[in-house]
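Chemist: give me the fold of what follows.
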Amino acid sequence: MSRHYAVESLNVGKPRLLKANAKEVMSGFNKQATEEPLYLSATQLEGDGQGDTVHHGGADKAVCVYCFKHYPYWEERLGLTLQPGAFGENVTLHDLTEEEIHIGDIFKWGEAVVQVSQPRQPCYKIAAFHGIPELTVYVEQTGYTGFYLRVLEPGTVSRKDGLLLLDKAPQEITVAYANHIKYRSKTDKEGIERILAVQALSDSWRSSLAKRLEKLG
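Modeler: Numbers count the residues shown, from 1 in each chain. Below is the predicted model:
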């Protein structure tokens, strides 16, 4: 039977200036929750935007997802009260952690159909937004990174729709496993090859891992 996953919060925001390392940069990190239905195009949600379109957004990273289950951990570790969207995500998903979701999994979301394309690679703006210089490294170390979705079929979506699993990726390479190879077992050639065998893997991750594998010889 297909699994349905509730969305805790749907968050969008246009780029604003963010102070980072004594300079100001444009960032779409500051998201606001909405209950309104939004149109999801091939590249982003209606009302959303990215300050850095080289490293964020685009077809392979149309929607950023983060798991609400991680919030209590971060609140305790950082001594903060965090609202959904605190990690710059568009979708704060109630369940479904990096240990459970696979690159290539396909979901129905409202009128749209989406597919997991890669883990979210945390950048310095997470640390800058919260004023905690070490936070980006903490996210990498925990593996609580979140992940990205590409859009297979555009359409209108909303928080109340939730995500309905349509098809589980046959290779069953979890986001957690990909993170482990990326950040910890960096010389694991077999692991890299397993990830590269996933057809749904994003172009940026494929390029990065292929270069690493080539260097390993």
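Chemist: so what's the residue nearest the centre of the chain bridging to?
Modeler: In the chain, the C-alpha nearest the mean C-alpha coordinate belongs to residue 147, at 2.6 Å (Cα atoms, centre = their mean). In this structure, residue 147 bridges to residue 65, residue 119 when assessed by DSSP bridges.
Chemist: residue contacts, it?
Modeler: Contact analysis of residue 147 by Cβ atoms under 8 Å, 6 or more residues apart in numbering lists 64, 65, 98, 101, 103, 116, 117, 118, 119, 120, 175. Using the backbone N, CA and C atoms, a C-beta is placed for each residue, glycine as well.
Chemist: got the contact list for the second one?
Modeler: Yep, that's residue 65 we're talking about. 89, 90, 91, 92, 93, 120, 146, 147, 148, 149.
Chemist: check the fourth one too.
Modeler: The neighbours of residue 101, taking Cβ under 8 Å, 6+ apart as the test, are 116, 147, 174, 175.
Chemist: got the contact list for the third one?
Modeler: So the one you mean is residue 174. If you count contacts by Cβ under 8 Å, 6+ apart, residue 174 has them with 98, 99, 100, 101, 102, 103.
Chemist: 6 Å - rerun?
Modeler: residue 102 (Cβ atoms under 6 Å, 6 or more residues apart in numbering).
Chemist: try the first one
Modeler: Contacts here follow Cβ under 6 Å, 6+ apart; on that basis residue 116 touches 101, 103, 105, 147.
Chemist: list the buried residues of the lengthiest helix in the chain.
Modeler: In terms of residue count, the longest helix belonging to the chain (DSSP state H) is helix 203-216. Taking 16 or more other Cβ atoms under 10 Å as the basis for neighbour counts, the residues of helix 203-216 that come out buried are 204, 205, 206, 209, 212, 213.
Chemist: next, format those as JSON lines and append distance to residue 38.
Modeler: Formatted as JSON lines, the entries for the buried residues of helix 203-216 read as follows, by distance: Cβ to Cβ, whole Å:
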{"residue": "204", "distance to residue 38": "25"}
{"residue": "205", "distance to residue 38": "26"}
{"residue": "206", "distance to residue 38": "29"}
{"residue": "209", "distance to residue 38": "32"}
{"residue": "212", "distance to residue 38": "37"}
{"residue": "213", "distance to residue 38": "39"}
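Chemist: adding distance to residue 8 and pLDDT, write the residues you listed out as JSON lines.
Modeler: Shown next, in JSON lines, are those (distance: Cβ to Cβ, whole Å; pLDDT from 0 to 100):
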{"residue": "204", "distance to residue 8": "27", "pLDDT": "95"}
{"residue": "205", "distance to residue 8": "26", "pLDDT": "97"}
{"residue": "206", "distance to residue 8": "31", "pLDDT": "98"}
{"residue": "209", "distance to residue 8": "31", "pLDDT": "97"}
{"residue": "212", "distance to residue 8": "35", "pLDDT": "97"}
{"residue": "213", "distance to residue 8": "37", "pLDDT": "97"}
